[in-house]
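Visitor: Here is my input, please return the structure:
(chains A and B)
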Protein chains: 2
Amino acid sequence: MTKKEAEGGGEAAEPPPPAARRPGGRTARVRDQVLAAVGPLLVEHGYDGLSVDAVAARSGVHRATVYRRWRDVGGLLADVLDAAGADRWTAPDTGCLEGDLRALNEEVQDALSEESSLAMALIAASFRSAGAADALRRFWEDRYERCVDVVERAVARGELTPPVETRGLLVAATAPLYHHLVLLHGAPDPALPGEAARTAVLAARAGAFGTRSRPE
Amino acid sequence: MTKKEAEGGGEAAEPPPPAARRPGGRTARVRDQVLAAVGPLLVEHGYDGLSVDAVAARSGVHRATVYRRWRDVGGLLADVLDAAGADRWTAPDTGCLEGDLRALNEEVQDALSEESSLAMALIAASFRSAGAADALRRFWEDRYERCVDVVERAVARGELTPPVETRGLLVAATAPLYHHLVLLHGAPDPALPGEAARTAVLAARAGAFGTRSRPE
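Guide: Numbering: from 1, shown residues only, chains lettered A, B, ... in the order given. The predicted model follows:
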C-alpha cells in the first residue's frame, strides 16, 4: 500500500466526480475529514500520539461524533485501512509474471521505505491494536485476491501450468521484501524486488505452488 | 529464537558448570538476574509495562545499578537479545536441505506461536526501541551466519551447485513464516514450515541464489 492509497485511494491525485466521491453526502464528508487526519498524526507522533481527541481536533469534526462513530484508536486505524482497501488498485500488468511480481515488490518497497511511511506506521500499530491487526489482514487478503489476475495472465501466456496456489506464490514473492524492510528494519535494496520476484517464478515453474498437501 | 533461548541460551534445561556460567562473578550474576526479569515483564505487560524501575524491582537488583549499566528499556531489550545470541545454537542437521529448512521453520513457528511468546514480544518492541531493533537485526544476522552450515552440507551432498547466496536462500525459506505469523498475525499453520522449505529448495535448485547481480 502506498501512502496515497492509505490516505483514501489516491483521491488527491485524481479526484473522482463529486457524486462518486461523496455517495453519503455529509456522512461521507465527515469520514473523509476524520480519516485524512489519522495518517499524518500516526506518521508524525506514532501510535502513542494518536488519540480520538487529537484526531477530532485535527479534522475539525466534533469529538462526540468521532467517539460515536469510531469509538477508539483501533476503530480509526481499521477504517483507514478499510478505506484504503476500497480503492481501485489493480495489480501491475507488465507482460510477464516476473515483471508483474517485480513491479509489485517495487510498490511495496516504495511504500515501506518512504520517509514517514504510513504503511510502516500502520504495521507498527497492528502490534498494539487488534482492530488495526484485523483490518491489516483484511487489506492484505483483498490485495492477494486482486493479484489473482497476475497468475491467471501467466497461465494464459503459458508461463505457468495450473493448478497454481496463487496466495502461496504471492506470499513467496513478497515476503522477503517485508522481512528485510519491516522485520530487519533494513535500508531499501534496489536489487531485492527483482530477486524475490525471480526466486518465486523459478520455484513456481519448478512446481512449488501446485495443490497443497496438508497434514491435517 | 525460542523463549528458552531468549531467556539466556537454554541454561535452565542444561546448566553449564558455574565457572562457564559466571565468568565475571558478581557482575555476570547481576546481569543474569536483571535479564531474567525482562522477558516475563515484556510478555505479561508488553512494552508499555516495561520500565527500568519494574525490571529492578522484579530482579531484586538496585535500580541505580540497572540504570547505570542498561540506561533504559532499549538497553535492556538489546542485552536480552545479545545474551540470546551468545548461546550455542546450531542449525538443524536432518540429512537433507529441505529437512533442515523445514526443521528451522518449525523452530521459528513454535517460538512465535507459543502462548506469551517472548520472540513475538521482542519483535513488537523493535518498532518502539531503536536499540531493540538493532539488537534484533544482529541476532538474526548471527543466526544466518550459523545457518551457513546447512548450505555447505547441501553442497557437499551434491544437493546444490555453488555458488549459493546463503543469506538469500535462508530469507526465502523463512520469510513466509514470519509474514504469516508476525505481519498477518495468522494462526500457526502446520503445513507452512514444510511448504516454505520446499519452495526455497526448488528455487535454489533452479539457480535462484547464484551470485547477486546488483544494479549499482
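
Visitor: For A:A187, what is the enclosing helix or strand?
Guide: In the assignment (DSSP states H and E), A:A187 maps to no helix and no strand.

Visitor: give me phi/psi at it?
Guide: Phi and psi for A:A187, reported as degrees, to the nearest 10, are phi -70, psi 150.

Visitor: Report pLDDT for it.
Guide: Per-residue confidence (pLDDT) for A:A187: 94.

Visitor: where does the nearest residue to it once chain neighbours are set aside land on pLDDT?
Guide: Sequence neighbours aside, A:S113 is the residue nearest to A:A187 in space, at 7.6 Å (criterion: Cβ to Cβ, 6 or more residues apart in numbering or on different chains). The way it works is simple: take the backbone N, C-alpha and C, and place the C-beta from them, glycine included. At A:S113, the pLDDT value in this model is 93.

Visitor: Sketch out the helices for chain A, chain order is fine.
Guide: A:3-6, A:18-21, A:26-45, A:52-59, A:63-70, A:73-85, A:97-113, A:118-125, A:130-146, A:148-156, A:166-178, A:192-205 (DSSP state H).

Visitor: by contact count, what packs against the third one?
Guide: For helix A:26-45, the elements it packs on are helix A:52-59, helix A:63-70, helix A:73-85, helix A:118-125, judged by 3 or more Cβ pairs under 8 Å, 6 or more residues apart in numbering or on different chains; DSSP states H and E.

Visitor: okay, the ones you listed in a markdown table with mean pLDDT and mean neighbour count next?
Guide: Putting the helices and strands packed on helix A:26-45 into a markdown table (pLDDT from 0 to 100; neighbours: other Cβ atoms under 10 Å in any protein chain shown) gives the following:
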| stretch | mean pLDDT | mean neighbour count |
| --- | --- | --- |
| helix A:52-59 | 96 | 17 |
| helix A:63-70 | 95 | 15 |
| helix A:73-85 | 89 | 23 |
| helix A:118-125 | 89 | 23 |
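
Visitor: Now distance to B:L76 too, for those helices, in CSV please.
Guide: What follows is the helices and strands packed on helix A:26-45, written out as CSV (distance: least, Cβ to Cβ, whole Å):
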stretch, distance to B:L76
helix A:52-59, 30
helix A:63-70, 35
helix A:73-85, 27
helix A:118-125, 20
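
Visitor: Report the distance from stretch A:92-101 to the chain centre.
Guide: 19 Å (Cα atoms, centre = their mean, to the nearest Å).

Visitor: From one end of it to the other, what's the distance?
Guide: 8 Å (Cα to Cα, to the nearest Å).

Visitor: who's in contact with that stretch?
Guide: A:91, A:102-104, A:107, A:149-151, A:153-154, A:157, A:159-160, A:173-174, A:194, A:196-198, A:200-201, A:204 (Cβ atoms under 8 Å, 6 or more residues apart in numbering or on different chains).

Visitor: just the residues you listed that are near chain B?
Guide: For chain B, the contacts drawn from those by Cβ under 8 Å from any Cβ of the partner chain are A:T174, A:A196, A:R198, A:A200.

Visitor: How about the contacts made by the first one?
Guide: With contact set as Cβ under 8 Å, 6+ apart, A:T174 has these partners: A:L101, A:L104, A:N105, A:V108, A:A196, B:H179.

Visitor: With distance to chain B added, can I get the helices and strands packed on helix A:26-45 in a markdown table?
Guide: Formatted as a markdown table, the helices and strands packed on helix A:26-45 follow (distance: least, Cβ to the nearest Cβ, whole Å):
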| stretch | distance to chain B |
| --- | --- |
| helix A:52-59 | 18 |
| helix A:63-70 | 21 |
| helix A:73-85 | 13 |
| helix A:118-125 | 4 |
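
Visitor: re earlier: is it possible to export the helices of chain A to CSV including distance to B:A132?
Guide: Output for the helices of chain A, formatted as CSV (distance: least, Cβ to Cβ, whole Å):
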stretch, distance to B:A132
helix A:3-6, 25
helix A:18-21, 42
helix A:26-45, 20
helix A:52-59, 26
helix A:63-70, 31
helix A:73-85, 22
helix A:97-113, 19
helix A:118-125, 13
helix A:130-146, 20
helix A:148-156, 36
helix A:166-178, 19
helix A:192-205, 24
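
Visitor: chain center to stretch A:151-171: distance?
Guide: Relative to its parent chain, stretch A:151-171 has a centroid offset of 21 Å by Cα atoms, centre = their mean.

Visitor: That stretch - what's its average pLDDT?
Guide: 95.

Visitor: what's in contact with that stretch?
Guide: If you take Cβ under 8 Å, 6+ apart as the criterion, stretch A:151-171 is touched by A:93, A:96-97, A:100, A:144, A:147-148, A:150, A:200-201, A:204-205, A:208-212, B:176, B:179-180, B:195, B:199.

Visitor: From those residues, list the buried ones, please.
Guide: Taking 16 or more other Cβ atoms under 10 Å in any protein chain shown as the criterion, what is buried in these is A:97, A:100, A:144, A:147, A:150, A:200-201, A:204-205, A:208-209, B:176, B:179-180, B:195, B:199.

Visitor: which of those residues sit farthest apart?
Guide: A:R205 and B:H180 (23.1 Å; Cβ to Cβ).

Visitor: How is chain A partitioned into domains?
Guide: A:3-85, A:97-205 (automatic domain parsing).

Visitor: Pick the most deeply packed of those.
Guide: Neighbour counts (mean count of other Cβ atoms under 10 Å in any protein chain shown) averaged over each of the domains of chain A peak at domain A:97-205, with a mean of 20.

Visitor: Please compute how far that one lies from its chain's middle.
Guide: Relative to the centre of its chain, domain A:97-205 is centred 9 Å away, using Cα atoms, centre = their mean.

Visitor: Span of that domain from start to end?
Guide: 11 Å.

Visitor: coming back round to it: possible to save the domains of chain A as a markdown table with distance to B:F127?
Guide: Output for the domains of chain A, formatted as a markdown table (distance: least, Cβ to Cβ, whole Å):
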| stretch | distance to B:F127 |
| --- | --- |
| domain A:3-85 | 9 |
| domain A:97-205 | 4 |
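
Visitor: which one of these lies closest to B:V34?
Guide: Each of the domains of chain A has some distance to B:V34 by Cβ to Cβ; the shortest is domain A:97-205, at 24.5 Å.

Visitor: returning to that earlier point: what is the nearest of the buried ones among the contacts of stretch A:151-171 to B:I123?
Guide: For those, the nearest to B:I123 is B:H179 (12.3 Å; Cβ to Cβ).

Visitor: Tell me the confidence at that closest one?
Guide: 96.

Visitor: Equivalent analysis for the one 5 residues further on, please.
Guide: Per-residue pLDDT puts B:L184 at 94.
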